[in-house]
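# Please work out how this folds:
(2 chains)
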Amino acid sequence: MTLEFLMASAIAVLTAAGVYLALRGRTFSVVLGLMMLSYAINLFLFAMGGLIVDRPAIFDKATTEYADPIPQALVLTAIVISFGMTALTVVLALRTYLETGTDHVDGPPDSLDEPG
Amino acid sequence: MNHLIVLPIVLPALVAALLLLGRRYRLRLARFVSLGSCLVMLALALALLSEAATGTITRYEVGSWPAPFGIVLVLDRLSAMMLLVTALLVLPVLCHAILTSLDRKGWHFHALLQFQLLGLNGAFLTGDLFNLFVFFEVLLIASYGLMLHGQGSARLTAGVQYVIINLAGSTLFLVAVGILYGVTGTLNMADLALRVAAAPAEDQGLIRAGALLLVTVFALKAALLPLHLWLPRTYSSTSPAVAALFAIMTKVGVYSIIRTVTLIFGADAGAAAWAPSPWMLPAALATTVIGFLGLLAAHRLRELAAFALIGSTGTLLAATALFESGSIAAALYYLPHSTLAGAALFLVGDLIARRRHGHGEALAPGPRFAAIEPLSLLYLLCAIAIAGLPPLSGFVGKLLVLDAARSSAAWPWIWAVLLATTLVAIIGFARAGSTLFWKSASVQAAAPPAPAAVRTAELLPATLLLVLLAALTVFAGPVTRYMDAASAQIFSPADYRAAVLGAG
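This next block holds a predicted model:
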């Protein structure tokens, strides 16, 4: 029971923080928010195989019970992709800041009033 | 085992890696390699189409691992058709990018294009939900690079938004995949269909939630109404040739909706059966209205083309949302038309903008420009195609959609929206066209523009797209027969499951 509660609350807190940060106006907090969301998703995927303690994921003659190896493989893929994407967004956000002089996701507020 | 199926994925992956090795100073070589790869891909798509046209569903087990455990690629009529549409779209777009020297404006244009093809072909061929996610990521990551190609501050700002919205979409995709895996314990789509049909009643709510989340992600890619806001800004900020290529990206969303809903969440799926259908139709109709109304509000040619793309994708989704054999067949005919016509409008807009000195793509009167006559003709043909007037394929497509909608209870809505938006589209295109071409005579050029060397070759790719549309109209009979058969195949998911999971 405690393990389930710990996992569920960790996913919930990470998701809440991620959504809050992702809705902010500046790119840095948005990047942080997306990172939090991807951590929450990694935990979520991991928990989808069932929370099993002390069981091997690969074949072992000594046991008959196994932890589900597929979510672990999925999480690994998801971690690689989200790592790459975080690096890309950081570089992109920096480049945008240097070129446009603002780190607002929507650009400088007055730029919206300029004719198309 | 037929290894032809895996080639549309392996070929661009190898070519892209090769192109990365030969850097910018080998641009001529890169162009030839990239063009050659696209030509081979077209030949492959034709070969696969002729194989799928016989009605067999072919599976390819990667690494020879049997179906529910290993990764499978599946070729049926629908995926073969999508491969062919992609190959037919990419060739003119690549020629346009080469002729207008877009690939000179930054590094690795050709490599990114090949990676994009890898993701697209993979998404159409895979028979596994998690691999669909991976191929989505591949095509998205390549599209970030292509979208930002050439740079500029407006493109960067729009690029950040595009990347962020798609990262949020990918997160939701993983949640949906996680829920479905947690409940059913499989990711193979054919196996998933069996397990969902056999799921106990207490799990059906979760499956329904997973189905709706999955369709939400696909709807984000397809720019369905509340999720369409990213598209006009992105497509009007990137280079027109890339935007033309992205015309297929919204169709990836539509393809995924058709594939997953009919296969996994079809009639057998209990509480999740046809889960998205009551939401999709109103949203699709609203998308059509917003898209074509946007034509009236556009200030620039690329915005015009972007809203036209939203509108025609909305029409396509409206036909899809009925989830009946006839309406899906009509949608499948409208899909290549919508892709090719949307791309043609982006390319023609680019050609016009390049010749209007000092006015660019702004929809405001300017002086006459070089090659105004052939360009105005091309623009007219694009407008006719997208609005859905005879004689081009848009008319046939809309007619098929309207005809298929007659059996639906919501047919008055569908007819009213499609016919009214056709009128709005005609007005929008006429307004933009008369501003661009007819009011040009009354405006004197401030300084006589330098007689730019007009290369007629630049007009060829856009013309080729329109020729393809004409061919789609002329051969409407065989094409609709194929689409009817494809739709019938989609609506007998038991055949798909047997082909993927069965022995042999």
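# Next up, the contacts around the residue most central in space within chain A.
When chain A is reduced to its mean C-alpha position, the nearest residue by CA atoms, centre = their mean turns out to be A:S38, at 0.9 Å. When contacts are counted by CB atoms under 8 Å, 6 or more residues apart in numbering or on different chains, A:S38 touches A:18, A:78, A:82, A:85-86, B:167, B:171. Every residue, glycine included, has its C-beta placed from N, CA and C.
# let's go with 6 Å and repeat that
For A:S38, the contacting residues are A:S82, taking CB atoms under 6 Å, 6 or more residues apart in numbering or on different chains as the criterion.
# pLDDT score for it?
A:S38 is assigned a predicted lDDT (pLDDT) of 93.
# What residues does chain A have near chain B?
Taking CB under 6 Å from any CB of the partner chain as the criterion, chain A approaches chain B at residues A:30, A:34, A:37, A:41, A:44-45, A:48, A:78, A:81, A:85, A:89, A:92, A:96, A:99-100, A:107, A:116.
# May I ask which helix or strand encompasses residue 94?
You didn't pick a chain, so chain A it is. For A:L94, the enclosing helix or strand under DSSP states H and E is helix A:69-100.
# was after chain B, sorry
Judged by DSSP H and E, B:L94 forms part of helix B:77-99.
# Tell me which residues are up against that helix.
Outside of helix B:77-99, the residues that reach it under the criterion CB under 6 Å, 6+ apart are B:8, B:31, B:38, B:41-42, B:45, B:48-49, B:52, B:103, B:120, B:124-125, B:241, B:244-245, B:248, B:255, B:336, B:339, B:343, B:347, B:457-458, B:461, B:464-465, B:486, B:489-490.
# Pull the CA coordinates from that helix and hand them back as PDB.
The C-alpha trace of helix B:77-99 is given here as PDB (Å, rounded to 0.1, in the frame of the first residue of the first chain):
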ATOM      1  CA  ARG B  77      -4.200  -1.000 -48.900                       C
ATOM      2  CA  LEU B  78      -4.400   2.000 -46.600                       C
ATOM      3  CA  SER B  79      -0.700   2.100 -45.700                       C
ATOM      4  CA  ALA B  80       0.400   1.400 -49.300                       C
ATOM      5  CA  MET B  81      -1.800   4.300 -50.400                       C
ATOM      6  CA  MET B  82      -0.300   6.600 -47.700                       C
ATOM      7  CA  LEU B  83       3.200   5.600 -48.800                       C
ATOM      8  CA  LEU B  84       2.400   6.500 -52.400                       C
ATOM      9  CA  VAL B  85       0.900   9.900 -51.400                       C
ATOM     10  CA  THR B  86       4.000  10.700 -49.400                       C
ATOM     11  CA  ALA B  87       6.300   9.700 -52.200                       C
ATOM     12  CA  LEU B  88       4.300  11.700 -54.700                       C
ATOM     13  CA  LEU B  89       4.300  14.800 -52.500                       C
ATOM     14  CA  VAL B  90       8.000  14.700 -51.600                       C
ATOM     15  CA  LEU B  91       9.300  14.600 -55.100                       C
ATOM     16  CA  PRO B  92       7.800  18.000 -56.300                       C
ATOM     17  CA  VAL B  93       8.500  19.600 -53.000                       C
ATOM     18  CA  LEU B  94      12.200  18.500 -53.100                       C
ATOM     19  CA  CYS B  95      12.500  19.800 -56.700                       C
ATOM     20  CA  HIS B  96      11.000  23.100 -55.600                       C
ATOM     21  CA  ALA B  97      13.400  23.400 -52.700                       C
ATOM     22  CA  ILE B  98      16.400  22.700 -55.000                       C
ATOM     23  CA  LEU B  99      15.200  25.000 -57.800                       C
END
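# So what sits opposite the closest residue to chain A within the stretch 351-500 of chain B in the bridge?
The minimum distance from the stretch 351-500 of chain B to chain A, using CB to the nearest CB, falls at B:A362 (7.6 Å). Listed beta-bridge partners, B:A362: B:R300 (assigned using DSSP bridges).
# Report how many residues lie close to it.
Taking other CB atoms under 10 Å in any protein chain shown as the neighbour definition, B:A362 ends up with a count of 17.
# same check, this time on the one 3 residues further on
A count of nearby residues for B:P365, using other CB under 10 Å, gives 16.
# I'd like to know how far the closest residue to it other than its chain neighbours sits from B:A383.
The shortest distance from B:P365 to any residue that is not its chain neighbour, by CB to CB, 6 or more residues apart in numbering or on different chains, is 3.8 Å, and that residue is B:K439. Distance of B:K439 to B:A383, given as CB to CB, to the nearest Å: 17 Å.
# the more surrounded of the two?
More crowded of B:K439 and B:A383, by other CB under 10 Å: B:A383, with 25 against 12.
# Now that one: which helix or strand?
Of the helices and strands defined by DSSP H and E, B:A383 is found in helix B:372-387.
# Return the members of the contacts of helix B:77-99 classed as buried.
Among these, those classed as buried by 16 or more other CB atoms under 10 Å in any protein chain shown are B:8, B:31, B:38, B:41-42, B:45, B:48-49, B:52, B:103, B:120, B:124-125, B:241, B:244-245, B:248, B:255, B:336, B:339, B:343, B:347, B:458, B:461, B:464-465, B:486, B:489-490.
# Going by residue numbers, what spans are strands in chain B?
Taking DSSP state E, the strands of chain B run over residues B:58-61, B:72-75.
# Rebuild the ones you listed as a markdown table, extending it with distance to chain A and mean pLDDT.
A markdown table is the format used below for these (distance: least, CB to the nearest CB, whole Å; pLDDT from 0 to 100):
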| stretch | distance to chain A | mean pLDDT |
| --- | --- | --- |
| strand B:58-61 | 17 | 89 |
| strand B:72-75 | 15 | 92 |
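# Buried residues, stretch B:88-104. List them.
For stretch B:88-104, burial by neighbour count (16+ other CB under 10 Å) applies to B:88-100, B:102-103.
# Render the CA-only coordinates of stretch B:261-271 in CSV, please.
As requested, C-alpha coordinates have been extracted for stretch B:261-271 and formatted as CSV (Å, rounded to 0.1, in the frame of the first residue of the first chain):
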residue,chain,number,x,y,z
VAL,B,261,-10.2,3.6,-34.1
THR,B,262,-11.3,1.1,-36.7
LEU,B,263,-8.9,-1.5,-35.7
ILE,B,264,-8.7,-1.3,-31.9
PHE,B,265,-11.8,0.7,-30.8
GLY,B,266,-14.2,-0.6,-33.4
ALA,B,267,-17.5,-2.3,-32.9
ASP,B,268,-16.1,-5.0,-30.6
ALA,B,269,-14.5,-2.7,-28.1
GLY,B,270,-17.3,-2.6,-25.5
ALA,B,271,-17.5,0.8,-23.7
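# Okay then, goodbye and thanks.
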